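Novice: Would you be able to build a 3D model of this:
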Amino acid sequence: MGIVVNGWYLLQSSSSRLRLRADDRHVRYINNIEQITITNARILTLSGPDQPRRGEDLQNLGVIERGFVRIEDGKIVEVGEGEYRSASESDEIIDAAGCVLMPAFVDCHTHACWAGDRFDEFEMKLKGVSYLDILNSGGGIMSTVRAVRGASQEELTENLIKRLERMAALGTGTVEVKSGYGLRTVDELKMLRAYSEAASGVEQTIIPTFLGAHALDSENPNFVEETINETLPAVVAEFPGIVCDAYCEEGAWSLNDCKQLFEKAQTLGCPLRVHADQFNSLGMTKLAVDMKAISVDHLEATTDDDLKYLASSKTIGVALPACGFHLDDRYAPARKFIDAGGALAIATNYNPGSAPTPSMPFVIALACRKLGLNPAEAIAASTINAACVLGLQDHLGSIQEGKRADLQLLNFTDERELGYEFASIGPRLMLINGATIQ
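Specialist: Sure, this is the predicted structure:
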């Protein structure tokens, strides 16, 4: 089911009282209780204005040392200090025993829908072959494109649902998913329709993004023109208000081609996002700011001047440290960006080639080690700031009355453990839209 929130097209399931899903790996129960009270928790409310946090505000988690949160029909209705003592008999009471209660993660940049695998290329990388060399030889993105073109919509839907379940188990309540592994009108639409189907099988909110400009189809000499004039309008006709993204990089979309695409997208009412400066700085960051893009993502190769230009704008910078971990140990200068006043979000970039991880906790651990963030900054960058990237800050990203009850109860009493520990288990309790995920 698709709806438009704040001008953004999103996919959201309708909650059920009790739903059972089974596949060949496990059985998962999703139980939606009308009234829940979580008490005796260390609460990271992240309360404040519904806008990106910058500078010192990025460290303000709005902590309630011991408090409670009441939930009714999927919404937060009360947040307070001390132990809650007025629960009705119909309330489900959860004693947090001092553990950390915080917003569910918002993963604002993923490519979580794909077919096939890239295991052979992983072994090539281990032997020293670079990502761009693999891409230029017909591998990389194009190898996944061939697999997606050969897959059915049903297969793509099932693959995505399995990955979304892994993400939910690790604390992620909202997921942005890009197309871009079709690179033809029929296949880009097939991917986006698979997202609609997947949204009915999970509790998470799914935000689709059109990334038809993900790579260049060398077999189609008119590919750029067709993407701009055929594929983009066809996608917008079916998914009005969808975000338009592009990968500006050597061997992918040029600066001029991206500009033409974005100008067309703006006439069709699409917000803009862009992959820029992953390997080379081509001038896309400044152009994205000038075109009022929502975000510029990657930033590993951004120049100091462009970084300052981005930091002084309303455009959000999105760092993707799992790429550096998996590819080449190159990371966005996030500390410098924050210190310059920039609004930073972090995300997994979950994909089969450069960031094969569903784990936002791991990305937080990387952000602390490789991006220069402290745990509080990484938490804000993965919740409220990430929600701002998706235009959902009025609904998600903080624990405040009236917002959707996407919450996670961690297994520890000090939130700094999120940055300190890595490769660990998910939250003790996960709520999405008030539904407990077990």
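Novice: Now do the phi/psi pair for residue 41.
Specialist: When read as degrees, to the nearest 10, the backbone of residue 41 gives phi -110, psi 150.
Novice: That one: neighbouring residues, count only.
Specialist: 26 (other Cβ atoms under 10 Å). C-beta here means a position set from N, CA and C on the backbone, and glycine is covered the same way.
Novice: which residue packs closest to it, ignoring adjacent ones?
Specialist: The shortest distance from residue 41 to any non-neighbouring residue, by Cβ to Cβ, 6 or more residues apart in numbering, is to residue 96 (3.5 Å).
Novice: And the one you found, how close does it get to residue 415?
Specialist: 13 Å (Cβ to Cβ, to the nearest Å).
Novice: same thing with residue 433?
Specialist: 23 Å.
Novice: Give the rounded mean pLDDT of stretch 68-84.
Specialist: In this model, stretch 68-84 has a mean pLDDT of 94.
Novice: low-confidence ranges in the stretch 101-250 of the chain?
Specialist: Along the stretch 101-250 of the chain, the model assigns pLDDT under 70 to no residue.
Novice: got the residue ranges for the helices in it?
Specialist: Ranges of helices in the stretch 101-250 of the chain, per DSSP state H, counting those that start in this stretch, are 119-126, 131-136, 141-150, 153-169, 185-199, 223-226, 232-238.
Novice: from these, which stretch is densest packed?
Specialist: helix 185-199 (a mean of 21; mean count of other Cβ atoms under 10 Å).
Novice: could you give the angle of it to helix 141-150?
Specialist: With axes from the mean of the first three to the mean of the last three Cα atoms, to 10 degrees defining the directions, helix 185-199 sits at 80 degrees from helix 141-150.
Novice: hang on, the earlier thing: right, so of the helices of the stretch 101-250 of the chain, which gets closest to residue 351?
Specialist: Nearest to residue 351 among the helices of the stretch 101-250 of the chain is helix 141-150 (8.2 Å), distances taken as Cβ to Cβ.
Novice: just checking, what packs against the closest one?
Specialist: helix 185-199 (3 or more Cβ pairs under 8 Å, 6 or more residues apart in numbering; DSSP states H and E).
Novice: for the helix it packs on, the distance to its chain's centre please.
Specialist: 18 Å (Cα atoms, centre = their mean, to the nearest Å).
Novice: follow-up on the earlier one: could you check the pLDDT of the residue nearest to residue 41?
Specialist: In this model, residue 96 carries a pLDDT of 96.
Novice: mind listing what it touches?
Specialist: Listed by Cβ atoms under 8 Å, 6 or more residues apart in numbering, the contact partners of residue 96 are 38, 39, 40, 41, 42, 409.
Novice: for residue 360, same thing?
Specialist: 105, 107, 167, 170, 171, 172, 347, 348, 382.
Novice: closest to residue 144 among those residues?
Specialist: Nearest to residue 144 among the contacts of residue 360: residue 348, at 16.7 Å, using Cβ to Cβ.
Novice: Can you report how many residues neighbour the closest one?
Specialist: 30.
Novice: Against residue 394, how distant is it?
Specialist: 24 Å.
Novice: For the stretch 251-400 of the chain, which segments count as strands?
Specialist: 273-276, 295-298, 316-319, 344-346 (DSSP state E, counting those that start in this stretch).
Novice: Put the alpha carbons of the first one into CSV.
Specialist: Provided in CSV are the C-alpha atoms of strand 273-276 (Å, rounded to 0.1, in the frame of the first residue of the first chain):
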residue,chain,number,x,y,z
ARG,A,273,19.3,12.4,-3.7
VAL,A,274,22.7,11.5,-5.1
HIS,A,275,25.7,9.1,-4.7
ALA,A,276,28.7,11.4,-5.0
